[in-house]
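**Q** Attaching a predicted model along with its sequence, questions to come.
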Amino acid sequence: MTEIFTGSFTQQEPIPEDGIAAALGVMKSGRLHRYNTIDGEIAQTALLEEEFAAQTGASYCLAVASGGYAMTTALRASGVEPGDAVLTNAFTLAPVPGAIAAVGGRPIFVGVTEGLVIDLDDLEEKIDQANVLLLSHMRGHICDMERLMQICDDAGVTVIEDCAHTMGADWNGVPSGRWGKFGCYSTQTYKHVNSGEGGFLITDDEEGMARAIILSGSYMLYERHRAAPSREVFEQVKYVTPNISGRMDNLRAAILRPQIKDLPRQCQRWNALYKVVEEGLRNTPGLAIVERPEKEGYVASSIQFLLPHWAPEAVQDFLKGCAARGVELKWFGGAEPVGFTSRYDSWRYAESAPMPRTDSVLAGLIDMRLPLTFSIEDCALIARIIRDEAMARHAAAAQ
Ligand SMILES: *Cc1c(COP(=O)(O)O)cnc(C)c1O
C-alpha cells in the first residue's frame, strides 16, 4: 500500500488562551499604542521587552514591527551608511540581503558549507571588505561561534546576528543573539513564536540600544522603556538619530508574552519531531543527513537534507513524487526562486561572483518545515515517504 500524508505544512498552533485573554484586555482598553498608558500602567510591550531580555540574558531589548525591521535598525545603529559593504550569508532568506539594501548597503556574500553554516574560511578571506557582518543562522544551523567571533574581533568587524530561526537556541550554552553586538529576531507566524508580524532586537550596548529605540519611533518617550539604558545615554544621541517608525504595539505584545514564557517547552517539542524525521531518514541511500555539532543547542523547527550529486531532473522528479504523497519539500537548487527558496544569485540588485562550493551544496539542498501541529506519528510517516521516494530514484539520479 502506498502511504499518503494529509496534514498541512503551514498550519500553526492556535494562540494560547492566556494570550487571547490578554489581547482582549488590550482591545477593551483601547490603548493599543505602546506609549498610550494611564498613570501607573506599564505597557504590554515594555513588559514583553523586559521578559525577553531576562530570558536571553541581554541588558536591553526592543520590540519592533518585523524581523526585517530589527535587522535594518541594528545596521543603522551600528553606523552602516549608504554605499557601505556588509558581509552576509550567501545561503539565507531574502529579508537578510533586503535589510542591507534597505539602508543602502552592498551585500558581500560569504559561502555555505555542507553543514549549512557560513564558510569561515571564505569569511576569513573576505573579512577586510566590510566593517559589519550580518550573520544569518539560516534554518537554525549555528556555526562555530568561537571561531567566527575570533575572526571578526581580530578584524574589528561588528557582528549582527539574524536569529529568525534560532530563537531559543544556543552555541556552547550561550544563546544565539548574545555573541554579536545585536541579536535580531522575528515573531512572524512562521517563526518560533507567532504574533502575525513582529520582531525583537537585543544588545548589551547602551548607545546602540538608545539609537535603536529612537530609530524605532519613540517620539522622545524613551523613558517609558524598561529594558533600556539610562536617560543620559539617550541625551547623547537624541538629536542626531532619525525617527523611522517600526514599533511593536500592545496587542501583539499581549499575544507574545505567554508564548515567550512557553518557548523552552516548544523548543523541546520541535526537537522531538525533528529526531523522528532524522532517524527515519538516516542511512537512506543517496540522501545525506546534516549532522548537528555537539556544541549546537538547536531548535529544529525545520529539517534539511542533501541529495549530493543528483541531476536536477532527478531532484525535480523526487520532489514531485513526494508532493503526490502529500509531503511538501522546498529545494534551494532550482534555477528560479520558488516561494522562499531564493539564493544569492537571485538577488540581482546585489552584485555577486559565482561561488562553486556554495552552488554545489545548494544544488542538492532540500528543506522541510516541521510545524508543531504535526504528531510524532506524522513525522515517522513523512520520513517513510521521503525515504521511499529517494530510494526509488537514487540509483538513476547520479550525474
Ligand atoms: C523571516 C526571516 C527574517 C525576517 O523576518 P520578518 O519578520 O519576516 O521580517 C529574517 N531572516 C530570516 C532567515 C528569516 O527567515
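**A** Yep, that arrived. Residues are numbered from 1 along each chain as shown.
**Q** got a list of what Val361 touches?
**A** 91, 112-114, 116, 306 (Cβ atoms under 8 Å, 6 or more residues apart in numbering). (Each C-beta comes from the backbone N, C-alpha and C, glycine too.)
**Q** Am I right that it falls within a helix?
**A** Yes. Counting by DSSP: H, G, I helix; E, B strand; the rest coil, Val361 is part of a helix.
**Q** if I look at it, how far off is Trp179?
**A** 24 Å (Cβ to Cβ, to the nearest Å).
**Q** Over to Asp249?
**A** 30 Å.
**Q** check contacts around the residue in the chain that the ligand sits nearest to.
**A** Closest to the ligand within the chain is Gly67: 2.6 Å, counting by Cβ to the nearest ligand atom. Going by Cβ under 8 Å, 6+ apart, Gly67 touches 95, 162, 164, 184-188, 191, 198-199.
**Q** again with Ala130
**A** 84-87, 108, 157.
**Q** Next, the nearest residue to His141 once chain neighbours are set aside: secondary structure please.
**A** Spatial nearest neighbour of His141, chain neighbours left out: Leu116 (4.3 Å); criterion: Cβ to Cβ, 6 or more residues apart in numbering. Here Leu116 is recorded as coil under three-state DSSP.
**Q** Let me know the pLDDT of Leu116.
**A** Predicted confidence (pLDDT) for Leu116: 98.
**Q** and it, how many neighbours does it have?
**A** Per other Cβ atoms under 10 Å, the neighbour tally for Leu116 reads 22.
**Q** Give me the most central residue, this protein.
**A** Residue closest to the average C-alpha location in the chain (Cα atoms, centre = their mean): Ala164, at 1.8 Å.
**Q** re earlier: now distance to the ligand, secondary structure and neighbour count too, for the contacts of Ala130, in TSV please.
**A** What follows is the contacts of Ala130, written out as TSV (distance: Cβ to the nearest ligand atom, whole Å; DSSP: H, G, I helix; E, B strand; the rest coil; neighbours: other Cβ atoms under 10 Å):
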residue	distance to the ligand	secondary structure	neighbour count
Asp84	20	coil	17
Ala85	20	strand	16
Val86	14	strand	26
Leu87	15	strand	25
Ile108	17	strand	20
Val157	20	coil	21
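**Q** need those residues in JSON lines with distance to Asn283 and pLDDT, can you?
**A** Formatted as JSON lines, the contacts of Ala130 follow (distance: Cβ to Cβ, whole Å; pLDDT from 0 to 100):
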{"residue": "Asp84", "distance to Asn283": "47", "pLDDT": "98"}
{"residue": "Ala85", "distance to Asn283": "44", "pLDDT": "98"}
{"residue": "Val86", "distance to Asn283": "41", "pLDDT": "98"}
{"residue": "Leu87", "distance to Asn283": "37", "pLDDT": "98"}
{"residue": "Ile108", "distance to Asn283": "39", "pLDDT": "97"}
{"residue": "Val157", "distance to Asn283": "41", "pLDDT": "98"}
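**Q** ok, those residues vs Tyr239, which is closest?
**A** Asp84 (22.8 Å; Cβ to Cβ).
**Q** Excluding sequence neighbours, find me the nearest residue to the closest one.
**A** Gly105 (5.1 Å).
**Q** isn't the one you found right next to Thr88, touching?
**A** No. Using Cβ atoms under 8 Å, Gly105 is not in contact with Thr88; the gap is 9.2 Å.
**Q** Does the longest helix seen in the chain pack against any helices or strands, and if so which?
**A** Determined from DSSP state H, the single longest helix within the chain is helix 263-281. Applying 3 or more Cβ pairs under 8 Å, 6 or more residues apart in numbering; DSSP states H and E, we find helix 263-281 packed against strand 302-306, helix 376-391.
**Q** Which of these sits closest to Ile38?
**A** Here strand 302-306 is closest among the helices and strands packed on helix 263-281 (Cβ to Cβ), at 42.5 Å.
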